[in-house]
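>>> Okay, sequence plus prediction incoming.
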Amino acid sequence: MEIEEIFAKNVRLQRDRLGLTQEELAERCFQIEEDALANRSYISDIENCRRNITLDKIGKLAKALGVQPYKLFLTKDIDEKL
């Protein structure tokens with residue numbers, strides 16, 4: 001599995017674990033900072049490996065999800081659902 005796929009799956013797993021829709025996650029991102037992450041379609045693109053995002057945005061997304069950024073890259077988390 002490619003790193004992008006691992007990241008995308010972990011974002012989706014953590015979002016699902018929190019019971020958030022893509023729209024709700026986008027709203028959380030908006031509360032951190034007004035940028036492209038504050039858009040449901042952008043979150044969808046990330047979860048479907050259609051976007052590569054910067055380290056800065058990874059940090060903001062992790063904060064919105066309530067996890068440390070490195071956890072979004074662990075393959076173990078995919079199996080154990082974070």
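Perfect, thanks for sending it. Predicted, not measured: the structure shown is a model, and the values here were computed from it.

>>> In which helix or strand does the residue nearest the centre of the chain reside?
The chain has residue 11 as the residue nearest its centroid, 3.5 Å off, counting by C-alpha atoms, centre = their mean. Element membership of residue 11, judged by DSSP states H and E, is helix 3-17.

>>> Mind giving me the packing neighbours of that helix?
Where contact means 3 or more C-beta pairs under 8 Å, 6 or more residues apart in numbering; DSSP states H and E, helix 3-17 is packed against helix 40-47, helix 55-65, helix 75-80. (C-beta placed from N, C-alpha, C; glycine too.)

>>> ok, and what's touching the helix or strand just after it?
For helix 3-17, the succeeding helix or strand toward the C-terminus, using DSSP H and E, is helix 22-32. Here helix 22-32 makes contact (C-beta atoms under 8 Å, 6 or more residues apart in numbering) with 15, 20, 35, 37-40, 42-44, 47, 60-61, 63-65.

>>> still on that earlier bit, which parts of the helix holding residue 11 are buried?
By 16 or more other C-beta atoms under 10 Å, the buried positions in helix 3-17 come out as 6, 7, 8, 9, 10, 11, 12, 13, 14, 15.

>>> Closest one of those to residue 54?
residue 7 (12.5 Å; C-beta to C-beta).
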